[in-house]
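K.L.:
Predicted model and sequence follow; I will ask about them next.
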Amino acid sequence: MPTRTTETTVTFQRSFELTAIEERQPPGTYRLVIDEDEILGVSFLAYRRTATLLQTPALSSRTRPVQSHSIDPADLQAALKADRKAETDL
């Protein structure tokens, strides 16, 4: 089954928490890696997400080793939404 991997970044203006990561994370830009498998047997090209990984620490931090955390995409979206809301509430 063909797999594709997409790498992007997400930026938080404030510290944030995700269920899958024990510690609160500082503000910054983080690498996000998404793995998807092709869905075979349909008449159009389609993919199913199989993994969402957030790499910590933030890209600007060189003091800690990089770790990949398997996270819930909905949890990430909620954290990003809360971060944007906090920014507009100022």
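P.N.:
Arrived safely.
K.L.:
Assign residue 50 to helix, strand or coil.
P.N.:
Three-state call for residue 50 (DSSP: H, G, I helix; E, B strand; the rest coil): strand.
K.L.:
Determine the number of other residues adjacent to it.
P.N.:
Using other C-beta atoms under 10 Å, residue 50 is surrounded by 12 other residues. C-betas here are computed from N, CA, C, even on glycine.
K.L.:
Same check on residue 77?
P.N.:
11.
K.L.:
That one belongs to a helix, doesn't it?
P.N.:
Yes: the assignment for residue 77 by three-state DSSP puts it in a helix.
K.L.:
Which per-residue confidence value corresponds to it?
P.N.:
Looking at residue 77, its pLDDT stands at 97.
K.L.:
What separation do you get for it and residue 60?
P.N.:
To residue 60, residue 77 is 23 Å away according to C-beta to C-beta, to the nearest Å.
K.L.:
Assumed residue 6 was part of a strand.
P.N.:
Yes: according to three-state DSSP, residue 6 belongs to a strand.
K.L.:
how many other residues sit next to the closest residue to it other than its chain neighbours?
P.N.:
Distance criterion C-beta to C-beta, 6 or more residues apart in numbering; nearest residue to residue 6, sequence neighbours excluded, is residue 34 at 4.7 Å. When neighbours are counted by other C-beta under 10 Å, residue 34 registers 16.
K.L.:
Is it correct that residue 34 is in contact with residue 49?
P.N.:
Yes: Residue 34 is within contact range of residue 49, at 6.3 Å (criterion: C-beta atoms under 8 Å).
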